[in-house]
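> take a look and give me a structure for this.
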Amino acid sequence: MPKNLFLVRHGESEGNVINKKFRETGDESLFSENFLNLHESQYNLTEKGIEQAKLAGEWFKENNLISFDRMLVSNNNRAMQTAAYLDFENPLWMIDFNLRERENGLFNVITPTQRFANCVNQERFHDSQPFLFRPPQGESMADVAQRIKIILNTLARECDDKDVVIVCHGHVIRTFRIILEHMSLSQSNEYLNTEEAWGRVPNCAIVHYTRIINDSVTEHFNRYRIIRPAGGGDLEDSFLPIIRKKYSNEELLKEAKKNYNY
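Predicted structure coming up:
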């Protein structure tokens, strides 16, 4: 795997603003026909989002992280714009559609009232099994994991011992974390449901995985940290270890019991 992997979420987008305002006000008129006719891949950065991307770029430069062996970016507008506004010197970005944001399908083209009225059963399943939940005509997080594994397999094959930066999306970064931190199904659901800081991915947050510890390079990623140059929590978390848990028979039975919510 790469020696260092940096996952960067895009800056604030038009879609982020509309959905935040709706949660705060309940004003459904925000979901205009023009907005609903946009595919979410077309959302652009706001002025604030541009500034957030520049702040993330400054963090990289201040930490002398200015050269990468592989630079990948989602094909969604807001991700490509964020990558550009990071303002790395002599960048060689590669666009990869496998890094696109999770597809919300029908939920992207109807209003919240229509969603809650017509999709109540789906909403109930989302609350109890967010990793497996698939919105109508959309993707589950488990679906996203299949294409993120394609990215990771390529990195393992082509970028061993190299430094890699990826600009993508909140759900995509969560999927990377579920895979790289070896979360079980119950842990994945807890992670996706939590409102605590450890589970949030603020705009332009950076998740850093490394194989370096005590000046040595280990076989696998051994620890990670989260950096928030544009706010949304502490600027830099301390590194946390990655635990690759193996289960005894008894532990497997306990883990299975956690998944039973009847």
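
> when you work out contacts or count neighbours from here on, use the C-alpha atoms and nothing else.
Noted.

> what segments of the stretch 1-150 of the chain are strands?
Using DSSP state E, counting those that start in this stretch, the strands of the stretch 1-150 of the chain run over 4-9, 70-73, 93-95.

> okay, those in CSV with mean pLDDT and mean neighbour count next?
Formatted as CSV, the strands of the stretch 1-150 of the chain follow (pLDDT from 0 to 100; neighbours: other CA atoms under 10 Å):
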stretch, mean pLDDT, mean neighbour count
strand 4-9, 98, 24
strand 70-73, 98, 21
strand 93-95, 98, 16
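
> turn the ones you listed into a markdown table, columns for distance to residue 131.
Shown next, in a markdown table, are these (distance: least, CA to CA, whole Å):
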| stretch | distance to residue 131 |
| --- | --- |
| strand 4-9 | 20 |
| strand 70-73 | 24 |
| strand 93-95 | 26 |
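
> nearest to residue 248, of those strands?
strand 4-9 (31.2 Å; CA to CA).

> give the contact list for residue 103.
138-139 (CA atoms under 8 Å, 6 or more residues apart in numbering).

> how far away is the spatially most central residue of the chain from residue 199?
Geometric centre of the chain, nearest residue: residue 173, 2.2 Å, by CA atoms, centre = their mean. Distance from residue 173 to residue 199, counting by CA to CA, to the nearest Å: 11 Å.

> residue 34 is nearest to which of the strands of the stretch 1-150 of the chain?
strand 4-9 (25.4 Å).

> so what are the sheet partners of that closest one and their directions?
Sheet pairing of strand 4-9 (DSSP bridges) gives strand 163-168 (parallel), strand 206-210 (antiparallel).

> tabulate those (a markdown table), appending distance to residue 16, mean pLDDT and mean neighbour count.
Below are those laid out as a markdown table (distance: least, CA to CA, whole Å; pLDDT from 0 to 100; neighbours: other CA atoms under 10 Å):
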| stretch | distance to residue 16 | mean pLDDT | mean neighbour count |
| --- | --- | --- | --- |
| strand 163-168 | 14 | 98 | 24 |
| strand 206-210 | 18 | 97 | 23 |
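
> what's the closest of those strands to residue 147?
strand 163-168 (13.1 Å).

> touching that closest one from outside, list them.
With CA under 8 Å, 6+ apart as the test, strand 163-168 has contacts from 2-10, 68-74, 79-80, 82-83, 99-101.

> beta partners of residue 94?
According to DSSP bridges, beta-bridge pairing links residue 94 with residue 72.

> list the contacts for residue 244?
181-182.

> could you look up the SS state of it?
Look at residue 244: counting by DSSP: H, G, I helix; E, B strand; the rest coil, its state is coil.

> thinking again about what came up before, for residue 219, find the nearest of the strands of the stretch 1-150 of the chain.
Closest among the strands of the stretch 1-150 of the chain, using CA to CA: strand 4-9, at 12.2 Å.

> please compute how far the closest one lies from its chain's middle.
Centre-to-centre, strand 4-9 and its host chain are 10 Å apart (CA atoms, centre = their mean, to the nearest Å).

> try stretch 105-113
Here stretch 105-113 is found 21 Å from its chain centre; the criterion is CA atoms, centre = their mean.

> okay, it in CSV with CA atoms only?
This file holds the C-alpha atoms of stretch 105-113, laid out as CSV (Å, rounded to 0.1, in the frame of the first residue of the first chain):
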residue,chain,number,x,y,z
GLY,A,105,-31.1,7.8,-6.7
LEU,A,106,-34.7,8.9,-6.3
PHE,A,107,-33.9,10.7,-3.1
ASN,A,108,-32.0,13.4,-5.1
VAL,A,109,-34.9,14.3,-7.4
ILE,A,110,-37.9,14.5,-4.9
THR,A,111,-38.6,16.9,-2.0
PRO,A,112,-38.2,15.8,1.6
THR,A,113,-42.0,15.7,2.0
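
> pLDDT (mean, whole number) over it?
For stretch 105-113, mean pLDDT rounds to 75.
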